[in-house]
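Asks: this is a predicted model, with the sequence first.
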Amino acid sequence: IVTFRGGKTADLGSGLLVSPDGLVITNNHVIEQADNLAVKCGNQESVAKVRRRSKTPDLALLATSLKVPESFVLNETYSQNLIGLDVFVIGNPYGLEGTFSTGVISGLREIDGVRYIQISAPISPGNSGGPVILRDGTVIGVATMGLKVGQNLNFAITAAEVIASGFFDAARMKSRPLGAKP
């Protein structure tokens, strides 16, 4: 995700394509200061328009003209069974497109009424809004923030929170619990 302010590139972030017709979820803080937005997915690029946004949870839903046969599947699981599972983060830290990093789910946290997963996978500026993925390919969270005062203290809004937030459209997006067959 590229944001523009005053006709110039302002910030970079990440997002996840959640429907074959081009809906993208990211963090509100990625797009909140933008005049205009663009989204790149593989070889496709599109202008993006904000459909919904929220400060709590820190989410935004964007409409794009991107068309894909398959989109990410949100994993609606939020239980202690997640702790210790491997996770993979895809994003654009500091503009380094398509960076793939690994870690584990370290804990489950609730901060100001929002459910998060704590992960050891690195998150840097530019990763915000990107998918946190389990081994089965489902998205367990949306990368959101890291604490600079420690090491590997990074957080993602849980996919369960995305589903509960009203940003999820069951007619257009897919979800399933941990271990369920596609």
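Replies: All right, it came through fine.
Asks: Tyr78 touches Ala160, doesn't it?
Replies: Yes - assessed by C-beta atoms under 8 Å, Tyr78 is found in contact with Ala160 at 4.0 Å. The way it works is simple: take the backbone N, C-alpha and C, and place the C-beta from them, glycine included.
Asks: packing partners of the lengthiest strand in the chain?
Replies: In the chain, taking DSSP state E as the definition, the longest strand is strand 99-111. For strand 99-111, the packing partners by 3 or more C-beta pairs under 8 Å, 6 or more residues apart in numbering; DSSP states H and E come out as strand 86-91, strand 114-119, strand 154-158.
Asks: out of these, flag the one nearest Ser128.
Replies: Closest to Ser128 of the helices and strands packed on strand 99-111, according to C-beta to C-beta: strand 86-91, at 7.6 Å.
Asks: and that closest one, what other elements does it pack with?
Replies: Contact here means 3+ C-beta pairs under 8 Å, 6+ apart; on that basis strand 86-91 packs against strand 99-111, strand 114-119, strand 131-133, strand 139-146.
Asks: looking at the ones you listed, which is closest to Ala63?
Replies: The nearest among those, by C-beta to C-beta, is strand 139-146 at 17.3 Å.
Asks: which non-adjacent residue is nearest the residue nearest the centre of the chain?
Replies: Centroid-nearest residue in the chain, with C-alpha atoms, centre = their mean: Val142, separated by 3.0 Å. Leaving aside its chain neighbours, Val142 sits nearest to Ile157 (4.7 Å; criterion: C-beta to C-beta, 6 or more residues apart in numbering).
Asks: what sits against that neighbour?
Replies: Residues near Ile157 by C-beta atoms under 8 Å, 6 or more residues apart in numbering: 27, 57-59, 114-116, 141-142, 144.
Asks: farthest-separated two in the residues you listed?
Replies: Spatially, the most separated pair among those is Asn27 and Arg115, at 15.1 Å (C-beta to C-beta).
Asks: of those two, which one has the most company?
Replies: For Asn27 and Arg115, the more surrounded residue by other C-beta atoms under 10 Å is Asn27, and the numbers stand at 26 against 19.
Asks: hey, what's in contact with both of Tyr78 and Ala160?
Replies: Common neighbours of Tyr78 and Ala160, counting by C-beta under 8 Å, 6+ apart, are Arg115.
Asks: where does the prediction get shaky in the protein?
Replies: 180, 182 (pLDDT under 70).
Asks: now do the helices in it.
Replies: Here the chain has its helices, by DSSP state H, at 28-31, 159-164.
Asks: just checking, what packs against the shortest one?
Replies: Yep, that's helix 28-31 we're talking about. Identification of packing neighbours for helix 28-31 by 3+ C-beta pairs under 8 Å, 6+ apart yields strand 44-54, strand 59-63.
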